[in-house]
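Peer 1: show me the folded form of this:
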Amino acid sequence: MDKNIFNNTEVAFSIKTDTELEKAYWLFKMIKSESLVKLGTGLTKFALKYHLPVEGIIRTTVFDHFCGGVTEEDSLELVDKLYGKGVYSILDYSVEGAEDDENFDRAFHKTLELIDFAKDRPEMPFAVFKPTGLGRFEIYRKVSANEDLTEAEQQEWKRVVNRYDKLSERAKENNIPLMIDAEETWMQKAADDLVEQMMEKYNTEKPIVFNTLQLYRKDRLPYLKELHQRAKEKAYKIGMKLVRGAYMEKERERALEMGYPDPICKTKELTDKNYDDTQAYMLENIDDMAIYSGTHNEESTYYLMELIEKHGLKKNDQRVWFGQLLGMSDHITFNLAKAGYNTSKYLPFGPVKDVMPYLIRRAEENTSVAGQTNRELRLLNEERKRRKMH
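Peer 2: Okay, here's the model as predicted:
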């Protein structure tokens, strides 16, 4: 197995024109500056709040880099471009922060449409949604904590359950696996239990409903092993997307404030080990499960490639997928695809102002993840040199 596979910048940036490459380079240059990101996000929030005409600027900079488009149709040109390089697309309706049934129903119907939209498009192998896209954070928290619900809240929770059920049913009808994202620990148990019910009901032949494991959490591999036992007893398959996690500061602050043990691994090394141990466990039990490894970490990606080889699986075994976010780690995505692995990009989409919370999170994450932005810059610069652009 080639340990230098990710160094090929020609493959990594093959869909970018010189102009797009230059734009990406300067965008990451700006993201590298923490003070610029803080200033930029502050100004953006202000401008959007007061309806200042900034959507055009946002659209041509961060939005076009990290998002597929404003609508699913708008994203198709990029979907086709990616598929031309062997990279699959997962359209993610990334409108966040809604707290009412009207918006939850809108997100529910949009996800139903996406499951139908993907049905006859081999280039779009999954659908996805976020738990708080379909129900209030507080209702998940109360159900997770086993608190008593009022009559109105019981009805509200029933509507959440019904949305999950209808989406899972449609996913099974269309044979489109459905991934459900993970969020903060104090609301996650309700989501986990609900997803497990869906797996039991719809994953009888193969994994259709996928949960997400955030592996900066110490308890996730034990949880997976227990789930595996229950799945074997009840004869259903497990689908899991693996990520490291996105709420570390928030998790630690709350644990400290409320006086319970920090749920997050003490060090990055322990998180990496947890991630790789989980990949190993899933590959050992691949007849019972399917894995979607959502990572920008080169070592974890190499490790999964080694596990595929070790277990004698084909590179494109449908039970093993790799994935990265649009606009990040193209050196992993495109080189994996060229080597014949199942590889995909998450393509967030939605109206510019509604997708801003997602984009702000991306910018802040790139600023806070040590080395992430420097790596992007180094690779973009190498490709600029290769193209003799400077």
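Peer 1: alpha carbons only: can I get the helix or strand containing Leu91 in CSV?
Peer 2: Using DSSP states H and E, the element containing Leu91 is strand 88-93. Below are the C-alpha coordinates for strand 88-93, written out as CSV (Å, rounded to 0.1, in the frame of the first residue of the first chain):
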residue,chain,number,x,y,z
TYR,A,88,-19.5,10.6,-4.5
SER,A,89,-21.6,13.4,-3.0
ILE,A,90,-23.8,13.5,0.1
LEU,A,91,-26.2,16.5,0.0
ASP,A,92,-26.6,17.9,3.5
TYR,A,93,-29.4,20.5,4.0
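Peer 1: so which elements touch that strand?
Peer 2: Judged by 3 or more Cβ pairs under 8 Å, 6 or more residues apart in numbering; DSSP states H and E, strand 88-93 is in contact with helix 72-83, helix 101-119, strand 127-129, strand 343-349. Placement of C-beta: from N, CA and C, glycine included.
Peer 1: so what touches that strand?
Peer 2: 68, 72, 75, 78-79, 82-83, 107, 110-111, 114, 117-118, 123-129, 133, 179, 323, 342-350 (Cβ atoms under 8 Å, 6 or more residues apart in numbering).
Peer 1: walk me through which strands it pairs with, and which way each runs.
Peer 2: strand 343-349 (parallel) (DSSP bridges).
Peer 1: so what's the gap between the strand it pairs with and the chain middle?
Peer 2: Mean-position distance between strand 343-349 and its chain equals 8 Å (Cα atoms, centre = their mean, to the nearest Å).
Peer 1: same check on stretch 43-54?
Peer 2: Worked out by Cα atoms, centre = their mean, stretch 43-54 lies 27 Å from the chain centre.
Peer 1: quick check: longest helix of the protein.
Peer 2: Ranked by residue count, the top helix of the chain under DSSP state H comes out as helix 151-174.
Peer 1: show residues contacting the next helix or strand after it.
Peer 2: Using DSSP H and E, the helix or strand that follows helix 151-174 in sequence is strand 178-180. The contact list for strand 178-180 (Cβ under 8 Å, 6+ apart) reads 90, 115, 126-131, 164, 167-168, 171, 191, 195, 208-212, 239, 241, 292.
Peer 1: ok, stretch 301-312 next?
Peer 2: Here stretch 301-312 has contacts from 1, 3, 6, 276, 279-280, 283-284, 286, 291, 293, 295, 315, 317, 320, 322, 332, 336, 341, using Cβ under 8 Å, 6+ apart.
Peer 1: how about it: buried residues?
Peer 2: Thr301, Tyr302, Tyr303, Leu304, Met305, Leu307, Ile308 (16 or more other Cβ atoms under 10 Å).
Peer 1: narrow those to those in helices?
Peer 2: Per DSSP H, the subset of the buried residues of stretch 301-312 in helices is Thr301, Tyr302, Tyr303, Leu304, Met305, Leu307, Ile308.
Peer 1: those residues into a markdown table, with extra columns for distance to Gly259?
Peer 2: Output for those, formatted as a markdown table (distance: Cβ to Cβ, whole Å):
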| residue | distance to Gly259 |
| --- | --- |
| Thr301 | 38 |
| Tyr302 | 40 |
| Tyr303 | 36 |
| Leu304 | 38 |
| Met305 | 43 |
| Leu307 | 39 |
| Ile308 | 43 |
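Peer 1: dump those residues to CSV, plus pLDDT and distance to Leu149.
Peer 2: Compiled in CSV, these are given as follows (pLDDT from 0 to 100; distance: Cβ to Cβ, whole Å):
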residue, pLDDT, distance to Leu149
Thr301, 97, 42
Tyr302, 97, 46
Tyr303, 98, 43
Leu304, 98, 41
Met305, 98, 46
Leu307, 98, 43
Ile308, 98, 45
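Peer 1: between those residues, which sits nearest Gln372?
Peer 2: Thr301 (14.5 Å; Cβ to Cβ).
Peer 1: just give the number of residues close to the closest residue in space to Arg217 that isn't next to it in sequence.
Peer 2: Spatial nearest neighbour of Arg217, chain neighbours left out: Pro263 (5.4 Å); criterion: Cβ to Cβ, 6 or more residues apart in numbering. Neighbour count of Pro263, defined by other Cβ atoms under 10 Å: 21.
Peer 1: any idea how far Tyr223 is from Pro263?
Peer 2: 12 Å (Cβ to Cβ, to the nearest Å).
Peer 1: please apply the same query to Leu379.
Peer 2: In terms of Cβ to Cβ, Leu379 sits 35 Å off from Tyr223.
Peer 1: which residues in the stretch 201-350 of the chain form helices?
Peer 2: Using DSSP state H, counting those that start in this stretch, the helices of the stretch 201-350 of the chain run over 220-234, 248-258, 268-284, 298-310, 330-338.
Peer 1: nearest to Glu151, of the ones you listed?
Peer 2: helix 248-258 (28.4 Å).
Peer 1: list the contacts of the closest one.
Peer 2: Glu184, Thr185, Trp186, Tyr216, Pro261, Asp262, Pro263, Ile264.
Peer 1: let me have the residues you listed in a markdown table, extended by distance to Ala145 and pLDDT.
Peer 2: Listed next are the contacts of helix 248-258 as a markdown table, based on distance: Cβ to Cβ, whole Å; pLDDT from 0 to 100:
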| residue | distance to Ala145 | pLDDT |
| --- | --- | --- |
| Glu184 | 12 | 94 |
| Thr185 | 11 | 96 |
| Trp186 | 7 | 96 |
| Tyr216 | 22 | 95 |
| Pro261 | 16 | 95 |
| Asp262 | 18 | 96 |
| Pro263 | 15 | 96 |
| Ile264 | 19 | 95 |
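Peer 1: could you tell me which of those count as buried?
Peer 2: Glu184, Thr185, Trp186, Tyr216, Pro263, Ile264.
Peer 1: Ile15: which of those residues is nearest?
Peer 2: Nearest to Ile15 among the buried ones among the contacts of helix 248-258, with distances taken as Cβ to Cβ, is Tyr216, at 31.3 Å.
Peer 1: residues in contact with the closest one?
Peer 2: Arg244, Gly245, Met248, Ile264, Cys265, Thr271, Asn274.
Peer 1: what does Ala12 give?
Peer 2: Phe6, Asp330, His331, Thr333, Phe334, Asn335, Leu379, Glu383.
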